[in-house]
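Chemist: Quick one: sequence plus predicted model below, questions after.
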Amino acid sequence: MTVLSSQVEASDAFDERRARMEELVAELRERTAQVARGGGEKALEKHRSRGKLTARERVDRLLDPDTAFLELSALAAWELYDGQAPGAGIVTGIGVIWLFRTLPVPSSTTCARTWVLAPRSPVPVPL
């Protein structure tokens, strides 16, 4: 494997930008973790008492084992609706199901819909 060497010249401006980027990355991770927890313990308990899985749990079970899931809209509706709609109540992303790249789209209250991302197709194809 080729090792790339850095061409960055360290300076005060570079250090300031790096520190700011690290702050933004930490903020992004904190926010996405908060969204991943869903609507809070009370909402989660209510969901579980009905024998239901959360949208993220359904996606996890739907995806092929040991494959990645690229979530696309985790921060949709951020700071809207008094924090009552984390991720706008929907989980969207790209994952692998039965070796096909797919776009599973479960909402927090309905069954999952899944589209296959067909090669060279401008739009997803419903499964």
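Modeler: It's in.
Chemist: Past the lengthiest helix in the chain, which element shows up next along the chain?
Modeler: Looking across the chain with DSSP state H, the single longest helix is helix 12-36. Once helix 12-36 ends, the next helix or strand along the chain (criterion: DSSP states H and E) is helix 41-49.
Chemist: State the mean pLDDT of that next one.
Modeler: Summarised as a single mean, pLDDT over helix 41-49 is 85.
Chemist: Just the C-alphas of the next helix or strand after that helix, formatted as PDB.
Modeler: Next helix or strand after helix 41-49 toward the C-terminus (DSSP H and E): helix 55-62. In PDB, the C-alpha atoms belonging to helix 55-62 read as follows (Å, rounded to 0.1, in the frame of the first residue of the first chain):
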ATOM      1  CA  ALA A  55     -36.600   2.200  12.700                       C
ATOM      2  CA  ARG A  56     -32.900   1.800  13.300                       C
ATOM      3  CA  GLU A  57     -33.300  -1.700  14.700                       C
ATOM      4  CA  ARG A  58     -35.400  -2.700  11.700                       C
ATOM      5  CA  VAL A  59     -32.700  -1.300   9.400                       C
ATOM      6  CA  ASP A  60     -30.000  -3.200  11.300                       C
ATOM      7  CA  ARG A  61     -31.900  -6.500  10.900                       C
ATOM      8  CA  LEU A  62     -32.600  -5.900   7.300                       C
END
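Chemist: Check which element follows helix 55-62 along the chain.
Modeler: Assigned by DSSP H and E, the successor of helix 55-62 is strand 70-71.
Chemist: Just checking: what are the partner strands of that next one?
Modeler: In the sheet, strand 70-71 lines up against strand 93-97 (antiparallel) (DSSP bridges).
Chemist: That'll do, ta.
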